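Colleague: Fold the stuff below for me.
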Amino acid sequence: MRLDVLLDQVRAEVAHRLGAGLVLEARLNRPDRPYPVPFVLGYAPGPDGDLALAHAYAGASAVTVLDDGYLFLSNTKARTGRSLRRHRPEAEAEVVLSSARDVVSYAVAASVVIAATWTPADQADPHRTAAVLDGDLWPRSGYQNAGETLGLLRTSLDLGPPEPLDVPLAPNERLTGLLALTPDGTRCAAGVVRFLRGGHRRHGLLLIPVADPAAARAVWPDDDLRDAVPAPDGSWFACTAERVATPELGPRQEVVLVASDGSRLLRPAARHPHWLQPRAWSGPALLCVGEDDGRRRMYRVTPEDDRPELVELVELAGSVQSVTATATEALVVQSRVDLPPEVVTVDLDELTARTLLAPAAAAEPAGRMERLSHRTEDGTVWYSWLCLPADEADEPLPVLVWCHGGPLLSWVDWSWRWNPWPFVAEGYAVLMPDPPLSMGYGQETVERGWGRWSSEVASVAAEQVRAALRRPDLDSRRVAAMGGSFGGYLALALATRLPEIRLVASHAGWADFAAVARACDLHWHWLREYGPVEESDAYRKESLALDSIDPGVTVLLSHGCADRHVPVGEARAMYRALDTRKVDVRLMLLPDEGHSIERPANVTTWYDWVRAACRETLTP
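Modeller: Okay, here's the model as predicted:
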């Protein structure tokens with residue numbers, strides 16, 4: 001598959017049922033736009049029964065289906081910010097709510113609309129951008145934006161005038177933009193973050209009586225709360241609860257039901273091993289996704305007398321990316337490393353599934369994929385995916401080892417950024433290991449790698465690579481390691497352990513744990529996993545010794561200059577350290593990119609740069 005074919009596809013994200021058709025939230029690359037553009041695409045049944053595109057909105061996202069159409073957020077050239085608009089059949093989209101700045105998020109029920117918008121601070125000079133900060137140390141983030149903070153507005157679908165919804169927040173608390181409404185429109189759940197001394201933070205839920213917002217009640221259980229999916233009868237908000245980890249105990253996720261008045265909290269499917277997360281209600285049943293054995297599956301939880309029934313739904317061909325549901329049907333966007341995102345309908349009565357729409361079918365790879373397993377000396381088994389050309393080669397193939405980010409992720413989805421198939425089409429084998437901290441292999445896998453990224457995660461990953469390189473169809477003399485973020489760190493870590501590696505491509509990676517932890521916006525996560533920077537010796541023990549990389553290895557470092565997760569100074573520091581040792585190190589800086597590479601032109605440039613280095617270093 002060619003790179004340009006990959007980049008030209010419709011990137012399906014969420015599907016909603018609309019009558020006999022559907023509405024798809026997606027992203028597309030446009031030649032006149034620097035970034036992928038969010039689209040809302042409406043499909044209707046054609047004469048032959050297949051779905052055909054009926055309408056489209058560019059710069060649109062966040063769909064909520066109504067009885068007579070749907071709502072969505074929209075960026076248009078005619079308006080300065082994102083507005084809330086309404087689509088009805090055979091009519092132009094109308095504006096429901098706009099503000100001086102973006103409408104960040106919204107929830108709607110029973111004609112009541114609650115929206116989160118940026119609220120400007122009072123200041124005499126509109127050109128002043130200096131900000132004295134406390135808690136969140138970034139002047140622009142998901143919680144604040146150059147002197148603005150998130151506030152709430154209430155309006156109605158009858159286009160009544162919006163009014164502020166003033167809720168009680170402590171000085172160290174901010175709204176996150178998470179919003180949900182009970183079906184009768186009387187109670188709202190809003191996400192809230194609390195900034196604590198030393199860089200710690202917590203995530204909770206603010207339960208707001210819409211008619212009396214001053215009586216809002218905050219819910220702060222022992223876990224962090226995310227998501228809020230209202231039950232059809234309005235009694236519960238289903239949330240994801242994540243255990244607040246410590247250096248001695250890793251995170252764990254499960255579903256909790258929070259009473260809509262905040263009076264009660266129920267844990268259905270408590271301690272289920274697959275880290276269930278709620279996605280949609282279908283009648284009295286809650287549809288969840290969970291990670292299991294290299295796949296993200298869909299489950300049904302039915303809370304009954306505090307003793308829920310847990311049922312895995314129909315086996316799907318791919319991993320579940322998103323779920324929306326009615327009483328009898330779930331629309332699932334699924335994908336796999338070798339399957340581009342497609343829309344599947346699941347009959348919740350018959351538990352059968354069929355594909356409705358495959359908008360990126362042109363990107364389906366021509367290669368093949370195998371699952372490898374490796375048993376370590378302690379008896380544990382670790383898995384990898386191996387992507388290969390469709391036809392067997394006459395000679396052993398050069399190998400690209402791809403390390404996933406996260407680190408609490410695994411290779412379960414199709415990726416538009418780290419996609420192996422353009423490389424496979426050029427004759428490379430791509431090995432994609434799931435070492436400790438990878439999702440879907442049990443809590444013990446998380447605990448094994450928690451706070452031990454070099455001593456455990458990198459060591460096991462190195463064993464996985466060594467085991468794979470024993471295959472006769474792989475050339476152990478021509479090996480490269482690549483990855484982004486945590487994967488960029490791990491690619492560098494493998495190069496310190498495996499003399500077979502001749503090339504490293506690390507995007508947004510790092511070597512000095514303490515340097516990154518001190519300066520990044522994820523400081524609170526580093527605190528949970530490694531403890532205070534000045535007190536814990538684990539930062540030094542787990543950091544990489546770059547002088548262990550053979551001087552004959554070529555090292556490609558790339559980094560976005562606007563990266564807040566891993567400050568770009570780490571890339572400069574690694575470049576200087578390797579260059580001093582006369583390593584062939586090359587640095588690509590992307591001034592307008594953040595943690596990932598989003599601009600299609602930059603993605604193409606990065607791929608061309610890396611492919612040229614592969615040809616240079618891995619050619620016999």
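Colleague: contacts and neighbour counts: CA atoms only from here.
Modeller: OK.
Colleague: Could you tell me which residues make contact with V401?
Modeller: Neighbouring residues of V401 by C-alpha atoms under 8 Å, 6 or more residues apart in numbering: 430-433, 465, 479-482, 491.
Colleague: and which of those residues is nearest A538?
Modeller: The closest of these to A538 turns out to be A491 (C-alpha to C-alpha; 20.0 Å).
Colleague: returning to that earlier point: now go through the contacts of V401 and say which are in helices.
Modeller: Using DSSP state H, the subset of the contacts of V401 located in helices is 465, 491.
Colleague: Tell me the most packed of the contacts of V401, by neighbour count.
Modeller: With neighbours taken as other C-alpha atoms under 10 Å, the top of the contacts of V401 is A491, carrying 31 neighbours.
Colleague: okay but that one is in contact with A505, surely?
Modeller: Yes - at 7.3 Å, A491 and A505 qualify as touching, with contact defined as C-alpha atoms under 8 Å.
Colleague: Now the longest helix seen in the chain: buried residues?
Modeller: Longest helix in the chain by number of residues, with DSSP H as the criterion: helix 600-618. For helix 600-618, the neighbour count (16 or more other C-alpha atoms under 10 Å) marks 600, 602-603, 606-607, 610, 613-614, 617-618 as buried.
Colleague: likewise stretch 449-458?
Modeller: 449-454, 456-458.
Colleague: need the longest strand for this protein.
Modeller: For the chain, the strand that runs over the most residues, judged by DSSP state E, is strand 474-484.
Colleague: how much does that strand deviate in direction from helix 600-618?
Modeller: For strand 474-484 against helix 600-618, the angle by axes from the mean of the first three to the mean of the last three C-alpha atoms, to 10 degrees is 150 degrees.
Colleague: how far is strand 474-484 from where the chain is centred?
Modeller: Strand 474-484 sits 26 Å away from the centroid of its parent chain (C-alpha atoms, centre = their mean, to the nearest Å).
Colleague: That one - what's its average pLDDT?
Modeller: Average pLDDT, strand 474-484: 97.
Colleague: Also stretch 401-413?
Modeller: Stretch 401-413 carries an average pLDDT of 96.
Colleague: Next, the distance between the ends of it.
Modeller: End-to-end distance of stretch 401-413: 17 Å, with C-alpha to C-alpha, to the nearest Å as the criterion.
Colleague: Which positions within that stretch qualify as buried?
Modeller: Residues of stretch 401-413 classed as buried: 401-405, 407-408, 410-413 (neighbour count, 16+ other C-alpha under 10 Å).
Colleague: and if you look at stretch 365-377?
Modeller: The neighbour-count check on stretch 365-377 (16+ other C-alpha under 10 Å) flags 365, 367, 369, 372-374 as buried.
Colleague: how far out from the middle of the chain is it?
Modeller: That offset, for stretch 365-377, works out to 24 Å (C-alpha atoms, centre = their mean).
Colleague: Any chance of CSV for the buried residues of helix 600-618, columns pLDDT and distance to T328?
Modeller: Supplementary listing: the buried residues of helix 600-618 in CSV, determined by pLDDT from 0 to 100; distance: C-alpha to C-alpha, whole Å:
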residue, pLDDT, distance to T328
P600, 94, 39
N602, 96, 43
V603, 96, 41
W606, 97, 45
Y607, 96, 44
V610, 98, 48
A613, 98, 52
C614, 97, 50
T617, 97, 55
L618, 95, 53
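Colleague: With distance to Y299 as added columns, please give those residues in a markdown table.
Modeller: A markdown table is the format used below for the buried residues of helix 600-618 (distance: C-alpha to C-alpha, whole Å):
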| residue | distance to Y299 |
| --- | --- |
| P600 | 35 |
| N602 | 38 |
| V603 | 36 |
| W606 | 39 |
| Y607 | 37 |
| V610 | 40 |
| A613 | 44 |
| C614 | 42 |
| T617 | 46 |
| L618 | 44 |
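Colleague: list residues touching both of A491 and A505?
Modeller: Common neighbours of A491 and A505 are listed as 481-483 (criterion: C-alpha under 8 Å, 6+ apart).
Colleague: Quick check: the farthest pair among the buried residues of stretch 401-413?
Modeller: V401 and L408 (18.3 Å).
Colleague: Report the strands that pair with the longest strand of the chain, each with its relative direction.
Modeller: Counting by DSSP bridges, the strands paired with strand 474-484 are strand 397-403 (parallel), strand 501-507 (parallel).
Colleague: Please pull up the helix or strand immediately following the last one.
Modeller: To tie it back to what came earlier, the one meant is strand 501-507. Note on strand 501-507: by DSSP states H and E, the next helix or strand toward the C-terminus is helix 513-519.
Colleague: returning to what we had before: please identify which of the buried residues of helix 600-618 is nearest to T324.
Modeller: For the buried residues of helix 600-618, the nearest to T324 is P600 (29.2 Å; C-alpha to C-alpha).
Colleague: And stretch 530-546, end to end?
Modeller: Stretch 530-546 stretches 21 Å from its first residue to its last (C-alpha to C-alpha).
Colleague: Now do the buried residues in it.
Modeller: Using 16+ other C-alpha under 10 Å as the test for burial, stretch 530-546 gives 530-533, 538-539, 542-544, 546.
Colleague: how about low-confidence regions in the stretch 1-150 of the chain?
Modeller: Applying pLDDT under 70 to the stretch 1-150 of the chain flags residues 77-80, 121-127.
Colleague: Which parts of it are strands?
Modeller: Secondary structure of the stretch 1-150 of the chain (DSSP state E, counting those that start in this stretch): strands located at 11-18, 21-28, 37-45, 51-58, 60-66, 69-75, 82-87, 94-97, 103-109, 112-120, 144-145, 148-156.
Colleague: quick revisit: adding distance to P162, write the shared contacts of A491 and A505 out as TSV.
Modeller: Listed next are the shared contacts of A491 and A505 as TSV, based on distance: C-alpha to C-alpha, whole Å:
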residue	distance to P162
A481	54
M482	50
G483	46
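Colleague: Go through these and say which is closest to P168.
Modeller: Set against P168, the nearest of these by C-alpha to C-alpha is G483 (43.3 Å).
Colleague: ok, the residue nearest to that closest one when sequence neighbours are not counted to A481 distance?
Modeller: Excluding its sequence neighbours, the residue lying closest to G483 (C-alpha to C-alpha, 6 or more residues apart in numbering) is C403, at 4.9 Å. Relative to A481, C403 is positioned 7 Å away (C-alpha to C-alpha).
Colleague: which residues do the two both contact?
Modeller: Jointly contacting C403 and A481 under the rule C-alpha under 8 Å, 6+ apart are A491.
Colleague: Okay, now the unreliable bits of the stretch 301-450 of the chain?
Modeller: The stretch 301-450 of the chain contains residues with pLDDT under 70 at 305-308.
Colleague: about what we covered before: could you verify my assumption that the residue nearest to G483 touches A493?
Modeller: No - counting by C-alpha under 8 Å, C403 does not reach A493; the two are 10.5 Å apart.
Colleague: Next, the closest residue to N419 other than its chain neighbours: phi, psi?
Modeller: Of all residues not flanking N419 in the chain, V337 sits nearest, at 7.9 Å (C-alpha to C-alpha, 6+ apart). Dihedral pair for V337: phi -50, psi -30, per degrees, to the nearest 10.
Colleague: that older thread, and the longest helix of the chain, how far from the chain's centre?
Modeller: Offset of helix 600-618 from its chain centre (C-alpha atoms, centre = their mean): 25 Å.
Colleague: Same check on stretch 330-349?
Modeller: 17 Å.
Colleague: next one: stretch 231-242
Modeller: On the basis of C-alpha atoms, centre = their mean, stretch 231-242 is displaced by 22 Å from the centre of the chain it belongs to.
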